[in-house]
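Q: got a structure for you, letters missing:
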């Protein structure tokens, strides 16, 4: 079963891990910051997104004011990293504007500034106090990061673990995919408006876990709704209190049957459930559709034109 209750052992905390010599940010040739613009591949028949979203980065604006307190994690894969990261680095993903940036993939790609989760997990599991269940000489359970789409599911949890180590002072952690567009000033305004809280905050655009372990494909099991998870393509948001619960639990969660869940974003939710944190935040402006779809929906056009709300993320950039 996927929901196991609290781990029987106390895993190693993220702060106790030894340093790992892996790249943190974009490569040195990344472009200098410019006003954000949609990737050239975006559907030009859509209404101009910048007119509705006020997406230009403003000096000393909402993002600049909160950026030092936010850790942003971008998840990619070897097969698509060069194309997708290149597209995003020509638009919103600019290192100089994001002081706490971590780009992760299945394996290390230093030429693209990508930290390999396979390499990182060797350190993470070796440092963990509880060694039960490890039968791989490298210290990594054999089921983790098997490569390709099948292994994509095992990137989210170790990436959050590394983010906690690298950016322990962050107030917020946001993970997105490599085809997610983030409106940084809108994100800054969104996070600044959240009430201060010492309680865990976890969420995004939320859906029912499905087809994972004992959780049925329909979203309902034995007449009850399955747990919620935050959709990774739209963005997974945690505050510091939620990360303090999640990071120490990651090694045990990856050794457990949670790894059997086909989706990495659902794994994050199930691991947090193990430490008593369920989805408790709905981010309505974290969007799973591309602009070419979303911008044609009257609901969003009217809402954004009013200025009351702004899009924070859009997924599947480059798709029609």
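A: That came through fine. Keep in mind the model is a prediction, meaning the values are calculated, not measured.
Q: least trustworthy helix or strand in this protein by mean pLDDT?
A: Among the secondary structure pieces of the chain, namely its helices and strands, helix 49-53 has the lowest mean (mean pLDDT, DSSP states H and E), a mean of 38.
Q: Please name the residues that touch the nearest residue to residue 88 once chain neighbours are set aside.
A: Nearest-residue entry for residue 88: residue 178, 6.7 Å, with adjacent residues in sequence omitted and distances by CB to CB, 6 or more residues apart in numbering. Placement of C-beta: from N, CA and C, glycine included. In this structure, residue 178 makes contact with 74-77, 80-81, 84-85, 88, judged by CB atoms under 8 Å, 6 or more residues apart in numbering.
Q: which stretch of helix or strand covers residue 253?
A: Using DSSP states H and E, residue 253 falls within helix 240-255.
Q: what are the ranges of the helices in the stretch 101-250 of the chain?
A: The residue ranges that make up the helices of the stretch 101-250 of the chain, judged by DSSP state H, counting those that start in this stretch, are 117-127, 148-152, 156-166, 184-193, 240-255.
Q: Of all the ones you listed, which one is nearest residue 211?
A: When the helices of the stretch 101-250 of the chain are ranked by proximity to residue 211, the top entry is helix 148-152, at 14.8 Å, counting by CB to CB.
Q: thinking again about what came up before, mind giving me the packing neighbours of whatever helix or strand comes next after the helix holding residue 253?
A: Remark: after helix 240-255, the chain's next helix or strand is helix 264-274, criterion DSSP H and E. For helix 264-274, the contact count by 3 or more CB pairs under 8 Å, 6 or more residues apart in numbering; DSSP states H and E identifies helix 156-166, strand 228-230, helix 240-255 as packing neighbours.
Q: among those, which is nearest residue 306?
A: When the helices and strands packed on helix 264-274 are compared for distance to residue 306 using CB to CB, the nearest one is strand 228-230, at 26.2 Å.
Q: coming back round to it: okay if I get the helices of the stretch 101-250 of the chain as CSV plus mean neighbour count and distance to residue 233?
A: Converted to CSV, the helices of the stretch 101-250 of the chain look like this (neighbours: other CB atoms under 10 Å; distance: least, CB to CB, whole Å):
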stretch, mean neighbour count, distance to residue 233
helix 117-127, 20, 18
helix 148-152, 14, 12
helix 156-166, 25, 12
helix 184-193, 20, 15
helix 240-255, 23, 19
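Q: Which of these has the lowest mean pLDDT?
A: When the helices of the stretch 101-250 of the chain are compared on average pLDDT, helix 148-152 comes out lowest at a mean of 61.
Q: what residue lies at the spatial centre of the chain?
A: Computing the C-alpha centroid of the chain and ranking residues by CA atoms, centre = their mean puts residue 175 first, at 1.7 Å.
Q: Neighbours of the closest residue to residue 278 other than its chain neighbours, how many?
A: Once flanking residues are discounted, residue 278 sits nearest to residue 227: 6.5 Å by CB to CB, 6+ apart. Counted with other CB atoms under 10 Å, the neighbours of residue 227 add up to 20.
Q: re the thing from before, gap between the residue nearest to residue 88 and residue 314?
A: Distance of residue 178 to residue 314, computed by CB to CB, to the nearest Å: 13 Å.
Q: likewise residue 159?
A: 21 Å.
Q: swap in residue 302?
A: Between residue 302 and residue 314 the distance, using CB to CB, works out to 17 Å.
Q: the more surrounded of these two?
A: residue 314 (29 against 10).
Q: The more buried one against residue 292, yeah?
A: No: Residue 314 is beyond contact range of residue 292, at 9.7 Å (criterion: CB atoms under 8 Å).
Q: Cool, thanks, signing off.
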